[in-house]
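J.: Quick one, fold the following:
(chains A and B)
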Amino acid sequence: MKESTRLAAALILGLLAYAAMNSIYVVNEVQQVIITQFGKPVGAPVTTAGLKLKIPFIQEINPIDSRVLEWDGRPSDMPTKDKLYISVDLFARWRITDPLQYFLRMRDERSALSRLDDILGSETRNAVAKHELIEIIRTTKDRVPLRDTLLGESGQDEDMGLLVPIQKGRKRVEQEIFAAAAEKVLVFGIELLDIRFKRINYNESVRPKIYDRMISERRQIAERFLSEGNGEAARIRGNRVRDLNKIQSEAYREVEEIRGQADAKAAEVYSAAYNQSSAAVEFYEFTRTMQSYESILSSETTLVLSTNSDLFKFLNGMSPGTN
Amino acid sequence: MASETDDLLEQGRERLAQVGGPRGLIVPAILALAALCAWTSFYTVPSDSVAVVQRFGRYLKEVQPGLQFKLPLGVDVITILPVKRQLKQEFGFTTPGARDPYQGSRRHNGKQETQMVTGDLNAALVEWVVQYRISEPVKYLFEVREPAETLRYVSESVMREVVGDRTVDEVITIGRQEIESEALTKMQALATKYAMGISIDQVQLKNINPPEPVQESFNEVNQAQQEKEKLINEARRDYNKVIPLAEGEKDQRIREADGYRLKRINEAEGDVARFSDLFAEYKKAPEVTRRRIYVETLQSVLPSIRNKVIIDEGTRNLLPLLNLDPRKGEKS
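T.: The predicted model follows:
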């Protein structure tokens, strides 16, 4: 009998230890816990981390993540308002704010994610179909793009290197989707924190057309470069002819001016001296004539002189008067 | 009934005796347990990391590098985070052999990650790298479930937002730096807003290309640009060949004209000086001077003339011509 009491005591001790083990549980920093009793939630959710107590065996713990969770949408093709097929990929961040509601409605995360798929998917389609593509591509309405100084050199080209204007922009479209979806997920105990477009791309079928457009745009730019080059070269050649003529004619003008001034000055000097009196005029005439003889009369000249001339008047006699 | 229970008890006791066995076995078992506890109580935090300690799931403290102590048997759980290490994420390409699963682009994602639509509705392929660190370990662990994955989403989203606001020319050539800095500020803002415990240090753009079918036409533009430069340079060469020379020639002609001017004036002044001096003397004795000059001039002129004919007024009827021998005339 003594043996059996010891055995029973050990058994009870073991059971108690097991019950004790079963009545404590750990709540991690990233969890919140719903206690269920035969599958039915009891009490408020446990939201603080640490070592906790519960009724053993009867109560079960259901940990639910308390962190911010991510939702990554699958890329799906949809048309925009301007009938372009694009592939849109979204991501959202959400957290479970009402764990009890969430536990009742969703049970697990997989069904929550599929709900988010449905709701966000359809809201995205709605929003995208209501807007033109550029509205979900661009964000800042009044941004002025930088322009390649090489491209915009002449500035005549207006439609190059410009952004397509927008009314709303990506942020506003995101907010519209967010606002519509956030309301719908509240009933699941979920709070949608925000959504953002992750990827927006042209659908495979649209791409060739886009590429063709890009190619023609580039070709057009290339042609413009060539003609700009030829034009500028022609301008320079024109400058060359103009500048050459300008320089040469300027040189001619200045040379003639200088020579004219020189001649005028010389004339002035001469006339000042020669014109001082009638005697001077006469004397100048005489000396100048004398001077000219030296150059006019060469060895080939035949000179006929009379004995009446001043030089030879003494040839026939000492006193010409008596001749 | 009683004897049956007794029997069962007896058997149980025998088994217990076999298991519990000799007292000698219990002591080593306790010692082994103690050793295990001691062994699992110590851990090392690497120098580039910190450890976050959770006791029964609740956050306890942050532990600095070195040999550290914790409560064993799952009471304290530690997570080691490399807070000082520069981590990076690559978009559009993957450096092989990376240990961080979030570093490279996943599976066939690489191509899709790069495709973007620009603000002028063109397409571009953009590759980039984000450098970041874990700045707040507690937030990193407890606020967001997949901080690194979320960072990838944020990065892709922000990069498209920034590229979406730019023209294809800005994206491919002139706007790279601006894109990097704007993407960085926007990612930092989102990282703070999302409380991910991550600080983003750098955004670097890698290859940016137009889509493959379009690349050739982009090259054409580059070639045309070069051609344009060439044409202009050639025209400039022609210009430079001629114009400076003409300038020089102009100066030459002007200087020559200047020379003419000096010569002309100096000569005039010389002539006049000579004349004036002579004239002054002439005025004193006009008749004599006149005659002297006349005779002197003829004296110097006549000898060089070969044919000189002198006629006498009085012998008009005779043959008037007297042909002087040129040789003689030369001599005299």
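J.: Tell me where the stretch 51-200 of chain B is predicted with low confidence.
T.: Along the stretch 51-200 of chain B, the model assigns pLDDT under 70 to residues B:106-109.
J.: those helices in it, which residues are they?
T.: Here the stretch 51-200 of chain B has its helices, by DSSP state H, counting those that start in this stretch, at B:109-114, B:137-142, B:147-164, B:168-169, B:176-193.
J.: Out of those, flag the one nearest residue A:24.
T.: Across the helices of the stretch 51-200 of chain B, the minimum distance to residue A:24, taken as C-beta to C-beta, is reached by helix B:137-142, at 22.0 Å. Any C-beta I mention is one placed from the backbone N, CA and C, and that applies to glycine too.
J.: is it possible to export the helices of the stretch 51-200 of chain B to a markdown table including distance to chain A and mean neighbour count?
T.: Listed next are the helices of the stretch 51-200 of chain B as a markdown table, based on distance: least, C-beta to the nearest C-beta, whole Å; neighbours: other C-beta atoms under 10 Å in any protein chain shown:
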| stretch | distance to chain A | mean neighbour count |
| --- | --- | --- |
| helix B:109-114 | 7 | 18 |
| helix B:137-142 | 5 | 18 |
| helix B:147-164 | 4 | 24 |
| helix B:168-169 | 5 | 26 |
| helix B:176-193 | 7 | 17 |
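J.: Redo the ones you listed as JSON lines? Include distance to residue B:254.
T.: JSON lines is the format used below for these (distance: least, C-beta to C-beta, whole Å):
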{"stretch": "helix B:109-114", "distance to residue B:254": "67"}
{"stretch": "helix B:137-142", "distance to residue B:254": "83"}
{"stretch": "helix B:147-164", "distance to residue B:254": "62"}
{"stretch": "helix B:168-169", "distance to residue B:254": "51"}
{"stretch": "helix B:176-193", "distance to residue B:254": "54"}
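J.: and the nearest residue to residue A:57 once chain neighbours are set aside, what element?
T.: Computed as C-beta to C-beta, 6 or more residues apart in numbering or on different chains, the closest residue to residue A:57 that is not its neighbour in sequence is residue A:22, at 6.0 Å. According to DSSP states H and E, residue A:22 maps onto helix A:2-23.
J.: Any regions of the stretch 201-332 of chain B where pLDDT drops low?
T.: Along the stretch 201-332 of chain B, segments meeting pLDDT under 70 span B:313-332.
J.: where along it do the helices fall?
T.: Remark: helices assigned in the stretch 201-332 of chain B by DSSP H, counting those that start in this stretch are B:212-284, B:286-301, B:326-331.
J.: Also the stretch 201-323 of chain A?
T.: In the stretch 201-323 of chain A, the helices defined using DSSP H, counting those that start in this stretch lie at A:207-274, A:278-296.
J.: Can I get the ones you listed in JSON lines including mean pLDDT, distance to chain B and mean neighbour count?
T.: Converted to JSON lines, the helices of the stretch 201-323 of chain A look like this (pLDDT from 0 to 100; distance: least, C-beta to the nearest C-beta, whole Å; neighbours: other C-beta atoms under 10 Å in any protein chain shown):
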{"stretch": "helix A:207-274", "mean pLDDT": "91", "distance to chain B": "3", "mean neighbour count": "16"}
{"stretch": "helix A:278-296", "mean pLDDT": "85", "distance to chain B": "4", "mean neighbour count": "14"}
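J.: Quick one: closest of those to residue A:17.
T.: The nearest among the helices of the stretch 201-323 of chain A, by C-beta to C-beta, is helix A:207-274 at 68.3 Å.
J.: Centre of the chain to the closest one, how far?
T.: Per C-alpha atoms, centre = their mean, to the nearest Å, the displacement of helix A:207-274 from the mean C-alpha position of its chain is 36 Å.
J.: rewinding a little: after the helix holding residue A:22 comes which helix or strand?
T.: Toward the C-terminus, helix A:2-23 is succeeded by strand A:24-27 as the next helix or strand (DSSP H and E).
J.: Tell me which other helices or strands the helix or strand just after that following strand touches.
T.: Downstream of strand A:24-27, the next assigned helix or strand under DSSP H and E is strand A:31-37. For strand A:31-37, the elements it packs on are strand A:40-46, strand A:59-65, helix A:99-105, judged by 3 or more C-beta pairs under 8 Å, 6 or more residues apart in numbering or on different chains; DSSP states H and E.
J.: In the second one, which residues are buried?
T.: When neighbours are counted by 16 or more other C-beta atoms under 10 Å in any protein chain shown, the buried residues of strand A:59-65 are found to be A:59, A:62-65.
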